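Chemist: Model the following, please.
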Amino acid sequence: MLCKNVVEPLKVKTQAVASAADAAITIMRIDDIIAASREGRGTPPEAAAGGMPGTI
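Modeler: Model prediction:
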């Protein structure tokens, strides 16, 4: 893009990657918390996944 005089600073790209990584980590932590709470209640795997038993 340099030929069209469009230059993105490294700092912007670095911040975008860091923000994406933080978002992914947050989602994974929330997923772990939900999985742990379902294990504690003894929820069957089909129900924990949100599906109905016997469906594909």
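
Chemist: switch to C-alpha atoms for all contacts and neighbour counts from now on
Modeler: Fine.

Chemist: now the helices: where do they sit in the chain?
Modeler: 10-41, 45-49 (DSSP state H).

Chemist: Confidence-wise, which of the ones you listed is weakest overall?
Modeler: For the helices of the chain, mean pLDDT drops lowest on helix 45-49, to a mean of 55.

Chemist: follow-up on the earlier one: would JSON lines of the helices of the chain with mean neighbour count and distance to K4 be doable?
Modeler: What follows is the helices of the chain, written out as JSON lines (neighbours: other CA atoms under 10 Å; distance: least, CA to CA, whole Å):
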{"stretch": "helix 10-41", "mean neighbour count": "12", "distance to K4": "18"}
{"stretch": "helix 45-49", "mean neighbour count": "12", "distance to K4": "49"}
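
Chemist: Now tabulate those helices in JSON lines and tack on distance to C3.
Modeler: Below are those laid out as JSON lines (distance: least, CA to CA, whole Å):
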{"stretch": "helix 10-41", "distance to C3": "18"}
{"stretch": "helix 45-49", "distance to C3": "50"}
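
Chemist: mind checking how far K13 is from A24?
Modeler: 17 Å (CA to CA, to the nearest Å).

Chemist: Equivalent analysis for L10, please.
Modeler: 21 Å.

Chemist: what does R41 give?
Modeler: Counting by CA to CA - R41 and A24 are separated by 26 Å.

Chemist: Equivalent analysis for A36, please.
Modeler: A36 is 18 Å from A24, by CA to CA.

Chemist: same check, this time on D31
Modeler: 11 Å.

Chemist: got it, and D32?
Modeler: 12 Å.

Chemist: same thing with T14?
Modeler: 15 Å.
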